[in-house]
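# Structure here, sequence nowhere to be found:
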């Protein structure tokens with residue numbers, strides 16, 4: 001097969017159509033917003049290449065202008081969708097407004113300058129190159145737990161295509177005799193079309209890998225999250241909590257553990273039904289999450305029992321958390337549940353360099369028991385020796 005531009009265009013469109021057809025089958029319907037945006041980006045890109053080929057067949061007619069402009073607009077839409085996918089996987093990405101400006105300016109400038117081949121070709125290719133560079137930057141420095149090697153694959157593909165697209169823009173604008181048409185057999189154009197095929201396949205594979213990584217992360221989150229309240233479950237609590245206790249011991253950092261138990265919860269289930277009990281648990285989990293500080297670890301340990309581990313916290317910080325939570329619950333429970341809800345709690349501070357997470361939890365649980373015996377609806381502090389920071 002000859003590597004002429006026409007052949008490469010046909011192969012590229014065939015690749016895009018196959019991927020646009022098979023991706024929905026492979027990925028299914030239950031997708032995150034990021035995965036859905038990535039899939040749509042590849043489908044929209046297929047439409048843009050089809051429009052480009054059809055515009056070449058209609059050269060010299062009004063259909064050439066309409067199809068070419070449509071192709072430029074859909075290329076911009078595809079790049080925006082890919083940016084949205086990266087933002088969904090990696091967290092908020094930089095240069096969003098700049099990309100939006102380029103996305104709008106590229107097709108608008110293209111159609112307004114359509115009568116001048118050098119202007120429209122230079123404008124479109126250089127602005128597309130700018131879009132690709134912003135997408136390349138969006139693969140770097142993830143702000144989420146995702147961010148596998150697929151990012152580097154997409155980065156490399158985008159940089160290659162940005163360079164070749166920019167080169168076509170320079171040739172079309174200032175060396176028009178080297179690039180007089182979209183299918184000109186110039187080596188740069190042939191390379192651009194060849195790498196468009198190659199990078200398309202590679203990016204498609206990278207998108208599938210990113211989707212798999214996202215799915216695996218979701219499964220991990222499901223395994224450590226209590227599905228009713230949205231906080232960690234006992235399994236998800238143990239590892240980060242043990243690490244915080246070890247860190248507190250090693251660096252002599254104050255640390256507080258609060259054990260919490262909803263009062264009269266069995267009566268709520270018996271008299272109001274399990275739906276009311278579930279609603280109470282959801283409300284309590286939400287208020288705990290809203291009241292937590294950065295670095296605190298919250299978990300539902302089972303039934304109506306919860307724990308909050310607070311690094312860099314002394315007794316005053318733990319008691320303050322308890323007061324704020326009680327005040328929020330006193331307002332929210334009657335309004336949302338239709339009945340009052342209260343809890344008993346036990347506060348334990350780490351008291352020695354040899355204390356384990358288990359012993360800390362045991363002391364906090366014992367304090368909860370004493371709070372229940374004392375009449376419920378209160379916090380009791382576990383007896384302990386204050387943990388003093390050693391002199392350096």
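Yep, that arrived. Source: prediction; values computed, not measured.
# CA only for contacts and neighbour counts going forward, please
Will do.
# Skip the chain neighbours and tell me the closest residue to residue 354.
Take residue 354 and drop its neighbours on the chain: the residue closest to it by C-alpha to C-alpha, 6 or more residues apart in numbering is residue 249, 7.4 Å away.
# Tell me the spacing between that neighbour and residue 255.
9 Å (C-alpha to C-alpha, to the nearest Å).
# now the strands for the stretch 201-350 of the chain?
Ranges of strands within the stretch 201-350 of the chain are 255-262, 297-302, 305-311, 343-349, based on DSSP state E, counting those that start in this stretch.
# Compare these and give me the one nearest residue 201.
Proximity to residue 201 (C-alpha to C-alpha) singles out strand 297-302 among those, at 42.3 Å.
# give me the number of residues near residue 218?
Residues lying near residue 218 (other C-alpha atoms under 10 Å) number 11.
# quick one on the thing from earlier: look at the residue nearest to residue 354 and say how many residues are nearby.
For residue 249, the count of nearby residues is 21 (other C-alpha under 10 Å).
# what does the one 5 residues further on give?
When neighbours are counted by other C-alpha under 10 Å, residue 254 registers 21.
# List the residues that contact it.
Going by C-alpha atoms under 8 Å, 6 or more residues apart in numbering, residue 254 touches 248, 311, 312, 313, 314, 349, 350, 387.
# Spell out, range by range, the strands that occur in the stretch 51-200 of the chain.
Applying DSSP E, counting those that start in this stretch to the stretch 51-200 of the chain gives no strands.
# Residue 195 against residue 163, yeah?
No - contact criterion C-alpha atoms under 8 Å: residue 195 and residue 163 do not qualify, at 11.0 Å.
# Give me the distance between residue 369 and residue 216.
According to C-alpha to C-alpha, residue 369 and residue 216 sit 40 Å apart.
# Now do residue 150 against residue 31, distance only.
Separation of residue 150 from residue 31 (C-alpha to C-alpha) stands at 18 Å.
# let me redo that: residue 138
Using C-alpha to C-alpha, residue 138 is found at 21 Å from residue 31.
# Give the residue from the two that has the larger number of neighbours.
Neighbours per residue (other C-alpha under 10 Å) separate residue 138 from residue 31, with residue 138 holding more: 24 against 14.
# Next, the contact list for that one, please.
Taking C-alpha under 8 Å, 6+ apart, we find residue 138 in contact with 83, 86, 87, 93, 94.
# could you flag which of these are buried?
Buried members of the contacts of residue 138, counted by 16 or more other C-alpha atoms under 10 Å: 83, 86, 87, 93.
# Dump those to JSON lines, plus pLDDT and distance to residue 174.
Output for those, formatted as JSON lines (pLDDT from 0 to 100; distance: C-alpha to C-alpha, whole Å):
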{"residue": "83", "pLDDT": "97", "distance to residue 174": "30"}
{"residue": "86", "pLDDT": "96", "distance to residue 174": "34"}
{"residue": "87", "pLDDT": "95", "distance to residue 174": "36"}
{"residue": "93", "pLDDT": "96", "distance to residue 174": "34"}
